[in-house]
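*Asks:* predicted coordinates and the sequence they were generated for:
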Amino acid sequence: MTRSPFRRLAFGTLRRLLYLWVRSETINQSAFSLQLDRSKPVFYVLQQPSVSDLAVVDTECTKAGLPRPVLPVAVGGHVEPAAFFYLTPAPGWLGRQGKRGASPTLVRLVNALGQHNVEDVQIVPVSVFWGQSPDRETSPWKLLFADTWAVTGRLRRLVSILILGRKTRVQFSTPIHLRELVEQDKGEERTLRMVHRILRVHFRNQKTAVIGPDLSHRRNLVKGLVHAPLVRQAILDEAEREKISVEKAEAQALRYGNEIASDFAYTAIRFLEVVLSWFWNKLYEGIRINHIEQVQSVVHGHEVIYVPCHRSHIDYLLLSYLLFRNGLTPPHIAAGINLNMPVIGGLLRRGGAFFMRRTFKGNPLYTAVFNEYLYTLFSRGFPVEYFVEGGRSRTGRMLQPKTGMLAITLRSFLRSSRLPIVFVPVYIGYERVLEGRTYLGELRGAAKKKESIFDLFKVIGALKQRFGQVWVNFGEPIKLADFLDREQPGWRDQELGPQYRPAWLNETTNRLADRVAQHLNEAAAVNPVNLVALALLSTSKLALDEKALARVLDLYLALLRRVPYSVHSTLPDGDGQALIEYVRSMDLLAEQKDALGRILYLDEQNAVLMTYYRNNILHVFALPALLASFFQSSARMSREQILRYTRALYPYLQSELFIRYEVEELDAVIDDWLAAFVDQGLLKFENDVFVRPAPSSRQFVLLTLLARAIVQTLQRFYMAIALLINGGQNTLSAEELENLCTVMAQRLSILHGLNAPEFFDKSLFRHFIQSLLDQGVLRQDEAGKLSYHPQLGELAEGAAKRVLPAEIRLSIRQVTMERSEDSAEAVV
């Protein structure tokens, strides 16, 4: 290419002509540049000969200030005419591949290193993607010009440039240090084969990560499901059970497969990218992405399952858009069958959605087809996305995980663990959620509204509001094999049976669900709306003067910077005053001015809605709020007392809020928080005890506001125990206690004006009762009635005195006593 001036001129002319039409961009250029040593020779390797690819790479190198591939480079005492080579020989015009052989450039480089003529040579694999599109059925045009797994000939590449040239992306990979391979002393020939093997595997994994695995088309995929052994057995069972022919049962299985399967098409992805780029820029003021680099590094060689939290219907659109924009394959997404609406359903299906029914009960054939479909996706390495919460969270807190999809995933992995599975948690935090008005009605008790295509017009109407930013934080990946090694040692050698349902499956799936939820919460994005909501909802009148609110926000930011919740969580920029101005600009705060300044408060509508945003980060503040609550009724406490009460209450907070700290690390975290309290003046440490500030001081007010963040959760705990003890031993079942707690909570909410709808959420009481059973605090007899330790009342009262104000404890006891009296009168 660069041996003569004529060739250099021809190449330069070609590049200029190409870029009259082509538009290219580089994926993760900064991450690559940091790993490149400019003092050592750099050679680029492309998978196959392509002048157009080389021109694109040369352009991107020029833009980034990197060594250009078409210029000569000195290697010891020898000068190579160009700093690039191809891994495979050129195909013919019809795409036929020639014989493989080592590039002469690579041979000379290995020889130079073997003779110690040069210290090291860096080999940089580079991939160029035209249109980023895999194979798909029913689209013959795509087979002509899209990037695929087929060998690409010159004619096909020409069409690709004409059709997809304005959507070209370049991926520079981590440099390979050739010296490290040569020093293994395997001889020149074996070293060359080793380098070839490493590069072949790399390019295959890179292509899988960017354009997806080589999937066969949808029709054949669905037909393949019906012929799978487990589905065949389910068809025979269905025919026998329903007294129908095998052919009819098989036809039913095919209908299920077509109902479920996605129709993944990059034409739809590209269309959505254009539409969504406009939508995000119109609706939101920016999308802040954090920690995606670890996802880009883990996708190679893994089956990736994205497990985002579920706050809005646009979650899956947002995630697919961001992955595609960052050079990763958009996943196949598990969607509820309720979203398979006219027009919308077809677009979602082509965007990667596969549809599932809300329940599989009573339909073993459907279950078998769905399980086989998931297994097919997993085994072929296509990324998948599903929401462990099942549905969207209407309260803003992490919902109790639904374990169905996790169980299917676990069984598929046990069936074949050839491709390791990794879960990637994705926390999506909105400063204003798109469905806010709908959630507001549901938070006030309205029934959940069924999805409709006409909701699109409401979205367009919502564009008049200010929605702020969206924060997308990728959490710590969970490798399923490593998880099983810890939870079930020896699982690889166990007999699993034909259905792959070991005895430990349910228990292990539940622990996996908790782990996923904890990792999701670990990646929480704390934003201005969250913090303002937390501060104002902790006041008795939902109001603070501006300076006091700024002090509270500054305190919260200082505490979280002093004791970060995790390395994957994020904080907003600016101080407390800046956060206030930001939230005011979103019309979420009301204000009243007087001679002393501004009073900021929440009106009736926003007071309920802001509980949603407060709940997004309640788990972050749960532990420090619990520690602060100890000092509401106690002026001083020793470290040992604090640890003892925290250990007693923490398992229930952790279970409900999916807090990340394990019990073993709790003491160290508590010490960090106590030190932070002392640094901020919220506590003093005198004579080996922690002492609270004077009740009239500003610091005590701040400590009290922090404590109130968790008080309603502790109230629910105390109320459940009080009702249980008031009912007596072996009197109430878990379901009866749950219903009783819900009624009493609704009554207390009205009497005391509590504005947190989750205060009387039945599922939270159900989970607390189950936690008491799991901890051995409660037991069930044969009839399902609950019994408890005789000292439970005394212990609960002692803990409540530490964390709840006297008037709240009295109010709860009065409600339970009134209930007892009403029951007695009913009996009489």
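*Replies:* Okay, I see it. Just so it is clear, the structure is predicted and the values come from calculations on it, not from any experiment.
*Asks:* C-alpha only now, for contacts and for neighbours.
*Replies:* Will do.
*Asks:* tell me where the stretch 251-400 of the chain has helices.
*Replies:* With DSSP state H, counting those that start in this stretch as the criterion, the stretch 251-400 of the chain has helices at 266-283, 292-298, 315-325, 344-350, 364-379.
*Asks:* verify the stated contact: residue 632 with residue 800.
*Replies:* No. Applying CA atoms under 8 Å, one finds residue 632 not in contact with residue 800, separated by 11.2 Å.
*Asks:* separation between residue 607 and residue 531?
*Replies:* 14 Å (CA to CA, to the nearest Å).
*Asks:* sorry, wrong one. I was asking about residue 360.
*Replies:* Taken as CA to CA, the span from residue 360 to residue 531 is 41 Å.
*Asks:* looking at the two, which is more packed in?
*Replies:* residue 531 (26 against 14; other CA atoms under 10 Å).
*Asks:* name the SS class of the more buried one, please.
*Replies:* Recorded secondary structure, residue 531: helix (DSSP: H, G, I helix; E, B strand; the rest coil).
*Asks:* give me the phi and psi for the nearest residue to it once chain neighbours are set aside.
*Replies:* The shortest distance from residue 531 to any non-neighbouring residue, by CA to CA, 6 or more residues apart in numbering, is to residue 553 (6.7 Å). The phi/psi pair for residue 553 (degrees, to the nearest 10) reads phi -60, psi -40.
*Asks:* mind listing what the closest residue to residue 766 other than its chain neighbours touches?
*Replies:* Nearest non-adjacent residue to residue 766, counting by CA to CA, 6+ apart: residue 738, 5.8 Å away. Counting by CA atoms under 8 Å, 6 or more residues apart in numbering, residue 738 touches 762, 765-766, 769.
*Asks:* tell me which stretches of the stretch 201-350 of the chain form strands.
*Replies:* Applying DSSP state E, counting those that start in this stretch to the stretch 201-350 of the chain gives strands spanning 287-290, 303-308, 332-336.
*Asks:* most tightly packed of those strands?
*Replies:* Comparing the strands of the stretch 201-350 of the chain by mean neighbour count (mean count of other CA atoms under 10 Å), strand 303-308 comes out on top with a mean of 25.
*Asks:* for that strand, packing partners?
*Replies:* Counting contacts by 3 or more CA pairs under 8 Å, 6 or more residues apart in numbering; DSSP states H and E, strand 303-308 packs against strand 384-385, strand 421-430.
*Asks:* so what's the residue count around residue 197?
*Replies:* Around residue 197 there are 11 residues (other CA under 10 Å).
*Asks:* again but with residue 404, I slipped
*Replies:* 17.
*Asks:* so where's the stretch 301-450 of the chain shaky on pLDDT?
*Replies:* 440-450 (pLDDT under 70).
*Asks:* neighbours of residue 248, how many?
*Replies:* 13.
*Asks:* revised request: answer the last question for residue 122.
*Replies:* Neighbours of residue 122 (other CA under 10 Å): 19.
*Asks:* enumerate every residue touching it.
*Replies:* Per CA under 8 Å, 6+ apart, neighbours of residue 122: 40-43, 175-178.
*Asks:* of those, which is the nearest to residue 558?
*Replies:* residue 175 (40.3 Å; CA to CA).
*Asks:* what residues are up against the closest one?
*Replies:* So residue 175 contacts 35-36, 122-125 (CA under 8 Å, 6+ apart).
*Asks:* one more time with 6 Å
*Replies:* Counting by CA atoms under 6 Å, 6 or more residues apart in numbering, residue 175 makes contact with 122-124.
*Asks:* and it, how far is that from residue 328?
*Replies:* From residue 175 to residue 328 the distance is 20 Å (CA to CA).
*Asks:* if I look at residue 156, what pLDDT would I see?
*Replies:* Listed pLDDT for residue 156 reads 58.
*Asks:* coming back round to it: check which helix or strand covers the residue nearest to residue 766.
*Replies:* In the assignment (DSSP states H and E), residue 738 maps to helix 734-752.
*Asks:* buried sites along that helix?
*Replies:* 734, 737-742, 744-745, 748-749 (16 or more other CA atoms under 10 Å).
*Asks:* now do stretch 377-386
*Replies:* 377-379, 381-386.
*Asks:* for the most centrally placed residue in the chain, name its beta-bridge partners.
*Replies:* Closest to where the C-alpha atoms of the chain average out (CA atoms, centre = their mean) is residue 426, at 1.4 Å. Following DSSP bridges, residue 426 is listed with bridge partners residue 308, residue 474.
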